[in-house]
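**Q** pasting the sequence and the predicted coordinates here, then a few questions.
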Amino acid sequence: MITNPTREEIGELLKKAKTIAVVGLSDNPSRTSYMVSEAMQKAGYRIIPVNPTVDEVLGEKAAASLKDIHEPVDIVNVFRRSEFLPEIAREFAEMDCGVFWAQLGVANEEAYEYLKGKGKTVIMDRCIKVEHALTK
């Protein structure tokens, strides 16, 4: 069963975080991934787009995959369909990053159990922008 950290714990994670890698970040301003990432960028976070089909989003150079990020990342926020989460979770597990965040409407039991077994913090089916606004 997927159990998210408490709202207080999520608030602490967001206070400590500086860099968010966003898997599936679109360069289309009308897409939710763009709007949420733009709001988080305006709130002071560095955004690293992770999308093999774009070169740049929100003024930041995009990485084709999580493997292509060679700098510290505090949170990986995923905007991909739930069935892609196990594959993304395996790639995430190779990173030195403790927080895997699947956006609102996105959850996968297999990915959750895999990452919890590796000692990672896992948040699923929650909007990072909403949680940030609630924990300010």
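**A** Nice, I can see it.
**Q** going by C-alpha atoms from here, please, whenever you check contacts or count neighbours.
**A** Fine.
**Q** where do the helices of the protein begin and end?
**A** 7-16, 32-42, 85-93, 109-117, 128-134 (DSSP state H).
**Q** for those helices, give me a markdown table that also has mean pLDDT and distance to residue 77.
**A** Output for the helices of the chain, formatted as a markdown table (pLDDT from 0 to 100; distance: least, Cα to Cα, whole Å):
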| stretch | mean pLDDT | distance to residue 77 |
| --- | --- | --- |
| helix 7-16 | 96 | 12 |
| helix 32-42 | 98 | 9 |
| helix 85-93 | 98 | 11 |
| helix 109-117 | 98 | 14 |
| helix 128-134 | 96 | 8 |
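**Q** closest to residue 61 out of those helices?
**A** helix 32-42 (13.9 Å; Cα to Cα).
**Q** list the buried residues for the closest one?
**A** Burial within helix 32-42, assessed by neighbour count using 16 or more other Cα atoms under 10 Å, is assigned to 33, 34, 35, 36, 37, 38, 40, 41.
**Q** check the gap between the residue lying closest to the last one once chain neighbours are set aside and residue 133 for me.
**A** Think residue 41. Spatial nearest neighbour of residue 41, excluding adjacent residues (Cα to Cα, 6 or more residues apart in numbering): residue 47 at 6.2 Å. Using Cα to Cα, to the nearest Å, residue 47 is found at 17 Å from residue 133.
**Q** residue contacts, the most centrally placed residue in the chain?
**A** Centrality entry for the chain: nearest residue to the mean C-alpha point is residue 77, 0.7 Å, by Cα atoms, centre = their mean. Counting by Cα atoms under 8 Å, 6 or more residues apart in numbering, residue 77 touches 20, 21, 22, 23, 100, 101, 102, 103, 128.
**Q** any idea what the second one is bridged to?
**A** This means residue 21. Note on residue 21: beta-bridge partners residue 48, residue 76, judged by DSSP bridges.
**Q** can I get the helices of the chain in TSV including distance to residue 52?
**A** Shown next, in TSV, are those (distance: least, Cα to Cα, whole Å):
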stretch	distance to residue 52
helix 7-16	26
helix 32-42	15
helix 85-93	14
helix 109-117	22
helix 128-134	22
